[in-house]
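Visitor: no sequence on this one, just coordinates:
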């Protein structure tokens, strides 16, 4: 088994934090996305969409998509559970994971991809859409601050994959100047707690 | 338990097909998205993002996000499995579900939302981004046609949530003129088979 990783990209970080929280060690190989190694034929044979991370299983299967990789380890190593246990808890965590991914993470990365020089020539950039993404991300952070007034973690009283997605989203907001506002005390408290966990350095 | 549904929108259709495949009956209430009932305070208290479907559980919990609702029923009614069984099968289905959702479904809906009159005034439309979405959707359908040359279903030899997402994506391409091309025989064969299942009418 081997994880194809990239130290600076936000999706591989989600998997690294997940593995650290579970206490799972996996051999890692770096993919140089700065040099577009992920757009070369050798990598595209592993993931036709060119995204990192990719998990190579021992039978030669290549698994891509961050949450699919996490799901694999959730089934092989169920404890501590980061996807929830009862039907309702699993569904609530899935709901919050998706809210954090669709309405925050994808907005932060959408802003970066459509406005930053790194993606120039890599995708057809639409800066106006990048600005819509930024506005959406900022307004959802304001909303999230209110949600976190009444609970410790994003999806309830248990640390979960929703916290991982939200942390990686907010930290990746930096190059686009998408930051926690001074008055967002609950979001700042949560961010401080998540960043203090040893897994945040993974 | 009650499902807040909307007969014309693509995400509620994913849940209806899922329930039909599982043989699960749930009381349904229609939300009139044409009259923007989903943007009114009463609905936003159930789902702050205004999306349908929403599942109201018997304890009063509101579950939103299509795949979270499906996940709830997958845990309460595991057979037939539409998310897979072994760790590897679950992960492969999750990977394909996400590929169909992120790279096809979200491109089809992104085109519609950013170019169609229905969304004028509902969201800040960026038509140029809508055109990028359309191009992406069409190129991914061409790629998918090649994938389906060697297997019956999207994620392998088992019908899964990945087929549901892909079917709803392709059918919702109609108003944006995102259609299966004449030469895409494998995709057309798969589409014909999926559309012939009784669940497709749900």
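Guide: It's in. Since this is a predicted model, take the numbers as computed values, not measurements.
Visitor: For chain A, list the residue farthest from the centre, please.
Guide: residue A:59 (26.5 Å; C-alpha atoms, centre = their mean).
Visitor: got a list of contacts for stretch A:33-44?
Guide: Contacts with stretch A:33-44, where a contact means C-beta atoms under 8 Å, 6 or more residues apart in numbering or on different chains, come from A:4, A:6, A:8-9, A:31, A:47, A:50-52, A:122. Glycine gets a C-beta too; all of them are placed from N, C-alpha and C.
Visitor: before we move on, back to that, then the residue farthest from the centre of chain A would be within a helix, right?
Guide: No. Assessed with DSSP: H, G, I helix; E, B strand; the rest coil, residue A:59 is coil; it does not lie in a helix.
Visitor: Get me the contact residues on chain A for chain B.
Guide: A:48-49, A:57, A:61, A:63-65, A:67-69, A:71-72, A:75-76, A:86-88, A:90-92, A:94-95, A:98-99, A:102-103, A:114, A:124, A:126, A:128-129, A:132, A:135, A:143 (C-beta under 8 Å from any C-beta of the partner chain).
Visitor: Repeat the analysis, applying 6 Å as the threshold.
Guide: Counting by C-beta under 6 Å from any C-beta of the partner chain, chain A comes close to chain B at A:63-65, A:68, A:71-72, A:75-76, A:87, A:90-91, A:94-95, A:98, A:124, A:126, A:128-129, A:132.
Visitor: ok, of those residues, which come out buried?
Guide: A:63-65, A:68, A:71-72, A:75, A:87, A:90-91, A:94-95, A:98, A:126, A:129, A:132 (16 or more other C-beta atoms under 10 Å in any protein chain shown).
Visitor: Can you list which of the residues you listed are found in helices?
Guide: Within those, residues falling in helices by DSSP state H are A:68, A:71-72, A:75, A:87, A:90-91, A:94-95, A:98, A:129, A:132.
Visitor: picking that back up, taking the contacts of stretch A:33-44 one by one, which sit in helices?
Guide: Short answer: these have none in helices (DSSP H).
Visitor: Out of these, which end up buried?
Guide: A:4, A:6, A:9, A:31, A:47, A:50-52.
Visitor: would CSV of these with distance to residue A:186 be doable?
Guide: Formatted as CSV, the buried ones among the contacts of stretch A:33-44 follow (distance: C-beta to C-beta, whole Å):
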residue, distance to residue A:186
A:4, 36
A:6, 32
A:9, 28
A:31, 36
A:47, 37
A:50, 37
A:51, 32
A:52, 32
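Visitor: Considering these, which is situated nearest to residue B:154?
Guide: Distance to residue B:154 across those (C-beta to C-beta) is lowest for residue A:47, with 16.1 Å.
Visitor: domains of chain A?
Guide: What automatic domain parsing lists as the domains of chain A is A:2-76, A:87-201.
Visitor: Would you mind giving the ones you listed as TSV with mean pLDDT added?
Guide: Below are these laid out as TSV (pLDDT from 0 to 100):
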stretch	mean pLDDT
domain A:2-76	97
domain A:87-201	97
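Visitor: re the thing from before, just give me the closest of the contacts of stretch A:33-44 to residue A:158.
Guide: For the contacts of stretch A:33-44, the nearest to residue A:158 is residue A:9 (26.9 Å; C-beta to C-beta).
Visitor: where's that closest one relative to residue A:58, distance?
Guide: 25 Å (C-beta to C-beta, to the nearest Å).
Visitor: Repeat that for residue A:66.
Guide: Distance from residue A:66 to residue A:58, by C-beta to C-beta: 20 Å.
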